[in-house]
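[1] Just need the structure, nothing else, for what follows:
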Amino acid sequence: MTTRRFSCDFWAQRGKGRSDAAHGHSLAGLQSPDNAELSMPADVVGAMSLAANRTDSAGRPTCLYIPEHYEANYAYPLVVWLHGGGGNERDLLTAMPMISQRNYLGLSFRGPLSFRDTATTDSRRRGGYHWPSSDDDLSEFETSLREAVCNLRREYHVHSERVFLAGFDEGATVALDLFLRQPQRYGGAVCLGGTFPKSRHALARFRDLRSKRVLISSGSNDSISTPADNVQAGRLLHSAGMSVSTRIVEAGHEVTRTMLRQIDHWIMDGVCAAT
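    Here you go, the predicted structure:
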């Protein structure tokens, strides 16, 4: 498997990479988001550091996960996590320890739209945030994402070819949409309980999609992102020459520990194959 090389100035030249000890923000006592499907194990709390109160170039709140025993001399893969409808950027603090406590840096963003301003009958979504679907909004977020990753690389050692987009629900759809728009920028995309982007030009970059990796996972009882829909999406992506992994787990429309652990195995399988 070949690894696509980025232009030398795409992700800005990283700095020396600072230790997590320089931040000193303990997560002890931090509560998981009210709408989280998973609870954070007690032994995980305190094993991380958080660079809190960050915002991206658009003023959008972000959250950073630093792995246990961060090593500045190691080029870490970066997982960019996009929350589901009704979630927020702090969902990262629940998801990342379940993926791995040591293998990755994590970065998340708050969706720009609030359910406080949107009528919804789903109590789980009230008070949370969600993502737009228009091309203009996604292009704006794409710019903010690039700038945030470039800034992050000035502080931490992020592998330029191992930036992965991942998300749940509508965040998964956005992750896949962004990946299909600019596949040469990312190491792969993870879609948990998402739907295929509605863009008419989703596969327009088919020449750049060849051999790019995607993980699609859903619950066997998911009525929003059904297994049949995901299998169909996988076949479509495979027809474009992509390397697609499809997983079905015993669950509804939710994120499970099994799904999150699959992300770690999937990324590491690709890392090992590329070395």
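[2] any idea how far stretch 102-114 is from the chain center?
    In terms of Cα atoms, centre = their mean, to the nearest Å, the centre of stretch 102-114 is found 7 Å from the chain centre.
[3] Could you list the buried residues of that stretch?
    For stretch 102-114, burial by neighbour count (16 or more other Cβ atoms under 10 Å) applies to 103-112. (C-beta placed from N, C-alpha, C; glycine too.)
[4] Now for the residue lying closest to Ile224 once chain neighbours are set aside: which residues touch it?
    Leaving aside its sequence neighbours, Ile224 sits nearest to His253 (Cβ to Cβ, 6 or more residues apart in numbering; 4.8 Å). Applying Cβ atoms under 8 Å, 6 or more residues apart in numbering, we find His253 in contact with 169, 193, 219, 222-225.
[5] and those residues, which two are the farthest apart?
    Greatest spatial distance in these: Asp169 and Ser223, 12.5 Å, computed using Cβ to Cβ.
[6] So between those two, which is more surrounded?
    Ranked by neighbour count (other Cβ atoms under 10 Å), Asp169 and Ser223 place Asp169 first, with 26 against 8.
[7] Which residue is the nearest non-sequential neighbour of that one?
    Per Cβ to Cβ, 6+ apart, closest to Asp169 is Gly84, 3.0 Å.
[8] Helices of the stretch 101-250 of the chain, start to end?
    Under the criterion DSSP state H, counting those that start in this stretch, helices of the stretch 101-250 of the chain are mapped to 135-155, 170-181, 206-209, 227-239.
[9] Just the CA trace of the third one, in PDB.
    This points to helix 206-209. Extracted in PDB, the C-alpha atoms of helix 206-209 (Å, rounded to 0.1, in the frame of the first residue of the first chain):
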ATOM      1  CA  PHE A 206     -12.200   9.700  -7.800                       C
ATOM      2  CA  ARG A 207      -8.600   9.900  -9.100                       C
ATOM      3  CA  ASP A 208      -7.500  11.000  -5.600                       C
ATOM      4  CA  LEU A 209      -9.700   8.500  -3.900                       C
END
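[10] Buried residues in that helix, which are they?
    For helix 206-209, burial by neighbour count (16+ other Cβ under 10 Å) applies to 208-209.
[11] Is Leu78 in contact with Val149, as I believe?
    Yes: applying Cβ atoms under 8 Å, one finds Leu78 in contact with Val149, separated by 6.9 Å.
[12] what is in contact with these two at once?
    The contact sets of Leu78 and Val149 overlap at 107, 158, 163 (Cβ under 8 Å, 6+ apart).
[13] ok, so of the residues you listed, who is nearest Arg210?
    Distances from Arg210 to the shared contacts of Leu78 and Val149, taken by Cβ to Cβ, are shortest for Val163, at 18.8 Å.
[14] need the contact list for the nearest residue to the closest one once chain neighbours are set aside.
    Nearest residue to Val163, sequence neighbours excluded (Cβ to Cβ, 6+ apart): Leu78, at 4.8 Å. Counting by Cβ under 8 Å, 6+ apart, Leu78 makes contact with 104-107, 149, 152, 158-159, 162-164.
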